[in-house]
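J.: Below are the sequence and a predicted model for it; my questions follow.
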Amino acid sequence: MSTLARAHSVSSSICALSVVFVTNLLFNRPAPGADSSPVHRLVLFQFKEDAAADGMQGFLHGFSALPYQIPGITGLQAGANNSPEGLSQGFSHGAVLTFKDVAARDAYAEHASHTALVNQAEPILKEAFVFDFESPKPPPPAELGRVHHLVFFKFKEKADSEPVKKVLEEFAKLPKKISGLLNYQAGPNIDTQARSKDLTHGFLLTFINDRARDDYINHPAHRQFVDLIKPILDGVLVVDFTVTPSGGGLFITGGIEPFAVYQRSEKGTADINFRGVAAAGGPIEARLLRGRRLVEGFDWKAVGQARGGSFEAALAGVPAGGEYTLEVRQKDKLGNVAAHTDVSGILVGDIWILAGQSNMEGVGDLTNVEEPSELVHNFTMAHRWELATEPLHWLIDSPDPVHSGNGLRDLDEEGRRQGRAAARGNRRKGAGLGLAFAKDLVRRTGVPVGLVSAAHGGTSMQQWDPAGRDKGGETLYGSMFKQVKNAGGKVKGVLWYQGESDANPQAAEVYAEKMRGLIAAFRSDLGQKELPFYFVQIGRFVSPSAPENWNRVQDLQRLAAKEIPGTAVVSVIDLELDDGIHVGVEGLKRAGRRLAKIAHRELFGAKSIERGPQPEGIKSEAGGRAIRIEFSGVNRRLLPAAPAQVDGFSIRKKDGTVLPFIFNAQVDPAAPASVVLKLNGTVPEDVFLHYGAGLNPTCNLVDEEDMAAPVFGPAAIAR
């Protein structure tokens, strides 16, 4: 392979370099052994193709027992390779051994237990890779589920020292640019037996989980680093493994987690695919419980096969419902249960994306908030499933800089953890509409709901540009797309609340076009051409600013729901605020329930529920001294009922000047889907009707399902 081709082949996989090596190179770490520092030994195993499973498991079990037999071993974690990069060069297992010091490492090599294990491995082991480096302050053992990321590389022989130095300096900055990296250690190889395949630099990184590892690989900062290192790189080897219980047994490493929600298919079921490690080969069995009761048809059954220390499994056709507990077991040759594990809190139902700006993120006061439900879970901005609890959105938890922002930049993972903990003690606002929507939809349908919290306050349609999809966590759309993929990749629909930031002359001019493009991108990128997209018309704004562009965006949103298939809009113009622009906590609950009614009607066939009042006919009557507004989509009748007055209508000139003609506005008792405006004079020519005009109107027109009439106008008046 040519040097250029080799560089190209590794360009996407240089993903585990370490700032500690930079320290060693640039800040004169003491010579090996000078201070009796602990020593990390990174070991990789490649078994022969004809090696029996029992033989491999016996060897690995013997290897894990060495710390109890040989003095001086202070740490050992090992596991099957699960790197997604295909750069393991055939090595199927990795391990991190930690010795008290160099002397302990040397004594290990001569110990009888080690010698016996080497002899045991002779018939089955094809190759062993060994790389040692000193670690003056090794971290404590990684917790279960962490991912160790072992990378080895060498530079080209002709690479100058300055480019190498530059590469290492730039690498040293990555841990503070990319979230999810817990520990990073590295150093030059001090093994004297030439067992590292000529690879000269070794690195050990530990990630929170496999998602954090994957984010690191795809992060723009990492990709920039790869471009920098490619010209001087000559070889690479990558092996990852997940930290599992040291006693062996079964451990699930991915595909399922507590509180996970699986999007049901059109058949109303979902397949649960998961993977893990097993101390022994053989069948993997599973069953499904709800509470303590067996789910019919899901008693113990074979779902996978363990080989070489790992397994993949699938439980097909799980019905909508939950919360479920998935139990997994493996039997020994005598039929006894040899290993058992379980995952609880699982739901099968519908997943909804929450996107947009602050009113979707939630800025309602955190008082009298919507209570949690066991049938509503949230895929948080930290990219993990949890019981949905207000506030749903925590921007600071996101691994993506587009959300967590400058507050976490230039911090290591411990600094990020402290910053996030501090933020939790100061939160006073954060209630949104998502939880109320989900609970009401569950109440109506019985189908559990998962939410994907992806909104961000103060953001414009331009900032949600779908062109940023492949930039990942650097853009709002890219971050959302990655979050959805991590939540399973399929959803039921999208809830969108945004537009306040586009209420200006330039943005309002192209708002309808951008809305169409955004909806099309959601549907295309998620592979769901009829993906439901329901949105909220922006509401009130207490401000002295001119209202024209605000009202323009409102009317564009209303019209978009009429023109774009598979969409719908709800109004919040009648709801109270908790500050000058954000709907209050009680109003957000009502808004969420309004969206739930739309979803119930459109997706569950509840045709007895209408979409809410929409203006259909506006005409003058009584010789021009009255105006009748007929509404479609009304649930039974409009409110408030006469003789109460309807607030919010105005007659205006083309330039927006209000003409004070209306002295009475009531729902017509004889035609309760109509409002009649009585005028103090004849309707002039070239005037228009508005509802909810201005920034902070008083509006109160709803129907008996509490669906509010939207802001509209200017609307022509038929003669």
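T.: All right, it came through fine. From a predicted model like this one, the values you see are computed outputs, not experimental measurements.
J.: can you count the residues close to the residue nearest to Glu704 when sequence neighbours are not counted?
T.: The shortest distance from Glu704 to any non-neighbouring residue, by CB to CB, 6 or more residues apart in numbering, is to Arg636 (4.5 Å). C-beta: built from backbone N, CA, C; applies to glycine. With neighbours defined by other CB atoms under 10 Å, the count for Arg636 comes to 12.
J.: Hmm, Asp706 and Arg636 touching each other?
T.: No. Using CB atoms under 8 Å, Arg636 makes no contact with Asp706, being 11.6 Å away.
J.: Please tell me how far the residue nearest to Glu704 sits from Met56.
T.: Separation of Arg636 from Met56 (CB to CB, to the nearest Å): 70 Å.
J.: got the buried residues for stretch 63-78?
T.: For stretch 63-78, the neighbour count (16 or more other CB atoms under 10 Å) marks 63-64, 66-67, 70, 72-73, 75-78 as buried.
J.: contacts for that stretch?
T.: 38, 43, 60, 93-101, 103-105, 107-108, 111, 113-114, 117, 138, 141-142, 148, 241, 243, 246, 248 (CB atoms under 8 Å, 6 or more residues apart in numbering).
J.: change it to 6 Å
T.: Outside stretch 63-78, the residues that touch it by CB atoms under 6 Å, 6 or more residues apart in numbering are 95-100, 104, 108, 111, 113, 141, 243.
J.: can you give me the helices in the stretch 301-450 of the chain?
T.: Under the criterion DSSP state H, counting those that start in this stretch, the stretch 301-450 of the chain contains helices at 358-361, 401-404, 413-424, 434-445.
J.: er, the stretch 1-150 of the chain I mean
T.: 3-10, 19-26, 53-64, 102-110, 112-121.
J.: Restrict the fourth one to CA atoms and write it as CSV.
T.: Once non-C-alpha atoms are left out, helix 102-110 reads as follows in CSV (Å, rounded to 0.1, in the frame of the first residue of the first chain):
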residue,chain,number,x,y,z
VAL,A,102,8.4,-1.1,36.4
ALA,A,103,9.8,-3.6,38.9
ALA,A,104,6.4,-5.2,39.4
ARG,A,105,5.9,-5.3,35.6
ASP,A,106,9.2,-7.1,35.2
ALA,A,107,8.4,-9.6,38.0
TYR,A,108,5.1,-10.4,36.4
ALA,A,109,6.8,-11.6,33.3
GLU,A,110,8.7,-14.3,35.3
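J.: Give me the below-cutoff pLDDT ranges for the protein.
T.: For the chain, residues meeting the criterion pLDDT under 70 lie at 1-35.
J.: If you count residues, where's the longest strand of it?
T.: strand 337-356 (DSSP state E).
J.: okay, the angle between that one and helix 434-445?
T.: 110 degrees (axes from the mean of the first three to the mean of the last three CA atoms, to 10 degrees).
J.: Which positions within strand 337-356 qualify as buried?
T.: 338-339, 343, 345-356.
J.: Could you do stretch 600-617 as well?
T.: Buried, per 16+ other CB under 10 Å, within stretch 600-617: 600-603, 609-615.
J.: Which pair in the residues you listed has the greatest spatial separation?
T.: Leu603 and Pro615 (25.1 Å; CB to CB).
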